[in-house]
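Undergrad: Here is a sequence with its predicted model. Questions after.
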Amino acid sequence: MHLDVHHLRDFYYRSELGRAAQKGVRDKLTARWSDVRGLTIAGYGFAVPLLRPFLGKAEAVIGLMPAPQGVMHWPAESDNHSVLCDEVRWPLANDSVDRLVMMHGLENGDHPLALLDEAHRVLSPQGRAVIVVPNRGALWARSDRTPFGYGQPYSRGQITKLLGEGGFITTDQTSALFFPPSERRIWMRSARGLERLGSRWGFERVGGVLMIEAMRRDTAAPRGLRTADRPPLRVLEGIPLSGAQPAWRDRSDPPRR
């Protein structure tokens, strides 16, 4: 179940808790991806709060927002970098993305392996993806006051296994959001300190979100169908097609085997 884009916008940009959560996750991401010159960066789900530091530095920054969620103009004060897309058919070429971040995407999708298959397709051979998901054992996954309380939370073992099934290998694992999902003043004042403390002492189990960095594992057996291999749906099986091809096929395309 995808949350509405307006709900996500209001949380991250109009609530103190959302702004604190945005900073906690984004700081971890930018520390890992410090040099993005010449790179194409894409975010899927509602990942745009994490992408702002890359604007003006990367070659291209794209916010992919799934149709069930809806789309909004982002960034609000500049040219639009966001696009509405099908959950498992993104308007991006094969091997075209150098860095991919997914937040509020995987845990809310109906077909997680198909979604990972699409991420595998667009990610370049040496590209890296960071998957942000709710930590199953943490407080954030148990509270519906934040977007991390919706969808399917994961344990570290579960998300690593799922990524492996999707053709990825895990290259690094960390956590963020070590403060409770509460807007009480005491927690908001101590949020930055708790984030530093949690990172320094490795309290990974209590972090509200898991952040898993992964790369393509090209030797893995393919799961599902890549976009290039998806045949047209034949509704009327058994009726001769007389050699005709679908209207959407380019006549210059080579025949499928």
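TA: Sure, I can see it. Residues are numbered from 1 along each chain as shown.
Undergrad: make it CA atoms for all contacts and neighbour counts henceforth
TA: Noted.
Undergrad: longest strand of the chain?
TA: Longest strand in the chain, counting residues (DSSP state E): strand 123-134.
Undergrad: what is the mean pLDDT for that one?
TA: Regarding strand 123-134, the rounded mean pLDDT is 96.
Undergrad: what's the answer for stretch 217-235, then?
TA: The model assigns stretch 217-235 a mean pLDDT of 48.
Undergrad: Next, count neighbours for residue 139.
TA: Residues near residue 139, counting by other C-alpha atoms under 10 Å, number 20.
Undergrad: Wait, it touches residue 180, no?
TA: Yes: using C-alpha atoms under 8 Å, residue 139 is in contact with residue 180, at 6.6 Å.
Undergrad: Below-threshold pLDDT in this protein: ranges please.
TA: The chain contains residues with pLDDT under 70 at 202-203, 219-257.
Undergrad: need the next SSE after the longest strand of the chain, C-terminal direction.
TA: Next along the chain after strand 123-134, taking DSSP states H and E as the criterion, comes helix 156-165.
Undergrad: so what secondary structure elements neighbour that following helix?
TA: Applying 3 or more C-alpha pairs under 8 Å, 6 or more residues apart in numbering; DSSP states H and E, we find helix 156-165 packed against helix 112-122, strand 168-176, strand 209-216.
Undergrad: Mean neighbour count, the ones you listed: which tops it?
TA: Most buried of the helices and strands packed on helix 156-165, by mean neighbour count (mean count of other C-alpha atoms under 10 Å): strand 209-216, with a mean of 25.
Undergrad: Within its sheet, name the partner strands of that strand and how each one runs.
TA: Counting by DSSP bridges, the strands paired with strand 209-216 are strand 123-134 (antiparallel), strand 168-176 (antiparallel).
Undergrad: What are the boundaries of the helices in this protein?
TA: Secondary structure of the chain (DSSP state H): helices at 5-14, 16-32, 48-51, 112-122, 156-165, 185-201.
Undergrad: pretty sure residue 41 is in contact with residue 95, am I right?
TA: No: judged on C-alpha under 8 Å, residue 41 makes no contact with residue 95 at a distance of 12.0 Å.
Undergrad: which of the two has more neighbours?
TA: Taking neighbours as other C-alpha under 10 Å, residue 41 and residue 95 compare with residue 41 leading, 25 against 15.
Undergrad: Spatially central residue in the chain, please.
TA: Centroid-nearest residue in the chain, with C-alpha atoms, centre = their mean: residue 102, separated by 1.1 Å.
Undergrad: returning to what we had before: okay if I get the strands paired with strand 209-216 as JSON lines plus distance to residue 59?
TA: Compiled in JSON lines, the strands paired with strand 209-216 are given as follows (distance: least, C-alpha to C-alpha, whole Å):
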{"stretch": "strand 123-134", "distance to residue 59": "14"}
{"stretch": "strand 168-176", "distance to residue 59": "24"}
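Undergrad: Which of these sits closest to residue 48?
TA: Closest to residue 48 of these is strand 123-134 (C-alpha to C-alpha; 12.7 Å).
Undergrad: Many thanks, we can stop here.
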